[in-house]
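>>> How does the following fold in three dimensions:
(one chain, ligands or ions: 2)
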Amino acid sequence: MEIESVHPDFGARVREVDLTGPLPADVVDALHEAIDEHSVLLFPQQDMTDEAQLRLTRALGEIEENHVAFGRTGEIVEIGTVGNVIDANTKRDEADPHTTAMKGNNLWHSDSSFRRIPTYVSILHAYEVPDEGGGTEFVSQRAAYDRLTSEKRAEIDDLHVLHDYVFSRSKAAPVDDNHAASLPPIEQKLVRTNPRNGHQNYYVGSHARSIIGWNGIDSRRLIDELNELATQPQHRWTQQWQPGDTVIWDNRCVLHRGTGYDADRYRRNMRQSRVRGAGPTLEE
Ligand code: OGA
Ligand code: MN
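Numbering: from 1, shown residues only. Ligands and ions are numbered 1, 2, ... in the order given. Next up, the predicted model:
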């Protein structure tokens with residue numbers, strides 16, 4: 001496995017590993033270690049299929065079922081489409097409500113930070129990408145935490161935050177009643193520690209609604225401040241997708257967002273699966 005850094009804060013391009021073939025224990029260990037170290041891993045030219053992606057996802061842990069399908073209908077779905085493609089000849093355009101709902105992904109977030117056990121890693125593979133736009137931006141909340149003064153760190157270290165999907169995503173599109181009912185707001189630690197290397201990070205994003213025990217004004221001031229500090233343009237790394245790219249990112253410590261694209265003009269076909277975290281953040 002050949003690992004080359006792509007940004008001073010985080011991120012690496014990984015070559016000389018086939019994610020679609022057999023995944024022996026030493027390769028899986030090396031992947032976990034690289035995730036802990038680099039937070040975002042780009043693997044170009046992977047000859048991916050859904051079957052191979054599910055095998056990879058399971059090799060890294062327990063698959064996290066898609067909360068949208070589960071909330072709406074109770075169905076367990078292990079892999080889903082990100083983008084606007086329906087099949088080889090059909091796509092959703094800008095006016096399609098699903099396209100609007102997907103724009104919620106263009107707000108900085110950490111996948112499933114609103115679930116009791118949030119996501120460990122997401123795995124996203126690109127099959128078809130727009131000629132313009134359609135990138136995914138990442139930032140490190142570990143590097144952002146390191147940039148705080150020691151006074152600020154001491155102020156936030158023991159705080160808890162309510163994360164709420166309906167709070168964040170209803171900004172993009174109405175959330176279906178069944179789905180909303182399945183996702184009550186969840187309390188999370190504000191500061192998390194990587195169990196292998198001890199690196200600490202704060203954990204916010206658009207699902208972060210309020211600080212437990214704080215009033216609304218002070219809550220929003222702190223959460224907005226932390227989000228803004230983390231997401232300054234110079235701290236971002238953008239994945240400009242090529243078909244065949246697979247990216248694995250550590251939702252415990254990075255934020256990401258889609259950059260948007262014109263769904264009337266372009267097709268975007270990506271497949272996403274997720275690995276469940278080790279447990280509730282309050283038990284970390
Ligand atoms: C995701 C996501 C953003 C994008 O797959 O979890 O937020 O680039 N994707 O569409
Ligand atoms: Mn996401």
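>>> Now do the helices in the stretch 51-200 of the chain.
Using DSSP state H, counting those that start in this stretch, the helices of the stretch 51-200 of the chain run over 67-73, 97-102, 141-147, 150-156, 165-169, 177-182.
>>> quick one, phi/psi of Val77?
phi -120, psi 130 (degrees, to the nearest 10).
>>> Test of understanding: give the bridge partners of the residue in the chain that ligand 1 sits nearest to.
Scanning the chain for the residue nearest ligand 1 gives Gly258, at 3.0 Å (criterion: C-beta to the nearest ligand atom). Glycine gets a C-beta too; all of them are placed from N, C-alpha and C. Gly258 has these beta-bridge partners by DSSP bridges: Thr136.
>>> what sits against it?
Counting by C-beta atoms under 8 Å, 6 or more residues apart in numbering, Gly258 makes contact with 82, 102-103, 105-106, 134-137.
>>> Per-residue pLDDT of Thr259, please?
If you check Thr259, the pLDDT there is 98.
>>> can you count the residues close to it?
14 (other C-beta atoms under 10 Å).
>>> Please report the distance of it from Trp241.
Going from Thr259 to Trp241 by C-beta to C-beta, to the nearest Å gives 10 Å.
>>> Overlap of the contact sets of these two?
134-136.
>>> related to what we said a few turns ago, how about the helices of the stretch 51-200 of the chain, which one is nearest Gly277?
Ranking those by proximity to Gly277 (C-beta to C-beta) places helix 67-73 first, at 13.6 Å.
>>> Give me the mean pLDDT for the closest one.
93.
>>> The closest residue to Ala173 other than its chain neighbours: what's it in contact with?
Nearest residue to Ala173 in three dimensions, chain neighbours excluded: Ala101, at 4.1 Å (C-beta to C-beta, 6 or more residues apart in numbering). Going by C-beta under 8 Å, 6+ apart, Ala101 touches 169, 172-173.
>>> quick one on the thing from earlier: any chance of the contacts of Gly258 in TSV, plus neighbour count?
Formatted as TSV, those follow (neighbours: other C-beta atoms under 10 Å):
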residue	neighbour count
Val82	18
Met102	21
Lys103	16
Asn105	19
Asn106	16
Gly134	23
Gly135	16
Thr136	23
Glu137	17
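>>> which of those sit farthest apart?
The two members of those with the most space between them (C-beta to C-beta) are Met102 and Glu137, at 15.6 Å.
>>> what's in contact with stretch 1-15?
By C-beta under 8 Å, 6+ apart, stretch 1-15 touches 16-17, 27, 30, 34, 38-44, 138-140, 142-143, 235, 237, 254.
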